[in-house]
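Undergrad: Sequence and predicted structure, then a few things I'm wondering about:
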Amino acid sequence: MSILIGSAALILICGAAHTSEKTLRNPVYQESEKLDIPQLLKKRKNLYLSGIAHSISYIPLETNPKYLIGNKSVRLKPCGEYFFVSEHEKPVGVFSRTGKFIRTIGNIGNGPGEYNSDYTFWPDSTTRQIYVWNANYSTLMCFSFEGKHMGDIKPGVLIFSFVPLGNDRFVTWTYRQMEFEGKFYRLFNHDKTGKTIQRYFEPEKPLDISGGIMSPMFIPTDGGFLYNNWEDDTEYKLETSGSFRPVLTWILGNLKMPSSCLNDYNRFMREKDNYALDLLACETQSTWFIRFFYKNQTQMAIRSKLGGEEFIVANPDTAQKGVYNDIDGGPSFWPFPDNEGGRQFVRVIDAIDFIDYGAQTRPYPAPLKKPDQAAKLKKLINSLNENCNPVVMLVTLK
């Protein structure tokens, strides 16, 4: 959960440096859907995983001495025929979709083809390249899926977050607003040479509430990325063309923390449970999933794109922070940011946690839809030991 939550509305305006500018809230853009959080909190409904998922598979990552995964900082991004894995102080690891270790990408260090230990990365299936932000040299390093270093991109601005748009273009985000020709910018569109193609204007923030503490969250979705900047009540879609458009707006009413509270840390800590904080959305073709914190609990809102039904999950598995898995009785799940195109979502589970889960005996809250899969899951759990690499829970959502 974040320490600072912005309340100033971000007004993004798109346009190349010497062309006319358009605001994302201009009527030429599609109107975003509205979600009234105070009203939604009155609508609660039980939800089980079979209600949102088509299928589940469990893929143990091969325990190979060339790539041992040892702590909970691991991130996994599915792309194409691979899983790409990162962990602090280890280079990007490549595993097959069956969990077989294939190779590493580059190395940690300061030499050619090496990058700093606190890197961020994105694989891109259209170019079949992996892009790694190397803060040591302020460059985006480009590697092929086969591990070849293809060159570096040096943007003209210092970036702290980025996403590839799939056409040798990148949108990047800076630590703080930068001034160009009397206007302020924090988002930039670059080509593969590092040249700035487009700047996204936003009015100067007198307080700059984010303080540079929180990078925006870019979440893959069909045809682009969802963009949450933590300072606005609107989720935007960043399309492969480089355009932003609003897709989901949450109305917070009296659950919106006042800015005066944000600037007083003691008051913030004292009053934060009275407000809805850290809203974050992801989506499939049929459903919006909105996570937020309220009353010291993680809440999950569901909004159907088809029938318009919306509710708060009434029966979350608070121990595992997910929706109870009534398909095979396995670990609970709800959509995390790491996914492939808004279709397949992942949860990475440490082997020791998987083993502990299998050893628990407790009544299950719902009949299992596929008991035969439950038997296979138990067999998998029994094959693990605490020194194994993690298991990927891959869920295909409806």
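TA: Received it, and whenever you're ready, just let me know what you need.

Undergrad: buried set for the helix or strand hosting residue 34?
TA: Element membership for residue 34, per DSSP states H and E: strand 33-36. Going by neighbour count (16 or more other CB atoms under 10 Å), the buried part of strand 33-36 is 33, 35. Any C-beta I mention is one placed from the backbone N, CA and C, and that applies to glycine too.

Undergrad: If you count neighbours, what's buried in the helix or strand that it is followed by?
TA: Using DSSP H and E, the helix or strand that follows strand 33-36 in sequence is helix 37-40. Within helix 37-40, the residues that count as buried by 16+ other CB under 10 Å are 37, 40.

Undergrad: do stretch 194-202 as well
TA: 194, 196, 198, 199, 200, 201, 202.

Undergrad: Farthest pair within those residues?
TA: With CB to CB as the measure, no two of these lie farther apart than 194 and 202, at 22.0 Å.

Undergrad: Low-confidence ranges, this structure, go.
TA: 1-31, 72, 202-215, 361-362 (pLDDT under 70).

Undergrad: Mind naming the longest helix for it?
TA: Longest helix of the chain, by residue count under DSSP state H: helix 371-382.

Undergrad: what's whichever strand or helix holds residue 187 in contact with?
TA: Following DSSP H and E, one finds residue 187 within strand 183-191. Contacts to strand 183-191, defined as CB atoms under 8 Å, 6 or more residues apart in numbering, come from residues 12, 153, 155-157, 159, 165, 168-174, 176-179, 196-205, 242.

Undergrad: Stretch 369-388: end-to-end distance?
TA: 29 Å (CA to CA, to the nearest Å).

Undergrad: With stretch 355-364 instead?
TA: Start-to-end, stretch 355-364 (CA to CA) is 18 Å.

Undergrad: Show me which positions of it end up buried.
TA: 355, 357, 358.

Undergrad: Those in helices, which ones?
TA: 355, 357, 358.

Undergrad: if we can go back for a sec, for the longest helix of the chain, name the packing helices and strands.
TA: strand 53-60, helix 351-359 (3 or more CB pairs under 8 Å, 6 or more residues apart in numbering; DSSP states H and E).

Undergrad: Give me the contact list for that helix.
TA: 56, 58, 60, 327-330, 354-355, 357-358, 368, 391.

Undergrad: switch the cut-off to 6 Å
TA: 58, 328, 329, 330, 354, 358, 368 (CB atoms under 6 Å, 6 or more residues apart in numbering).

Undergrad: count of residues packed around the fourth one?
TA: Counted by other CB atoms under 10 Å, the residues lying close to residue 330 total 24.

Undergrad: do the last one as well
TA: Other residues near residue 368 come to 16 when the count uses other CB under 10 Å.

Undergrad: Contacts only, for it.
TA: Counted by CB under 6 Å, 6+ apart, residue 368 has contacts 329, 374.

Undergrad: My assumption is that it lies in a strand; please confirm.
TA: No: assigned with DSSP: H, G, I helix; E, B strand; the rest coil, residue 368 falls outside any strand and is coil.
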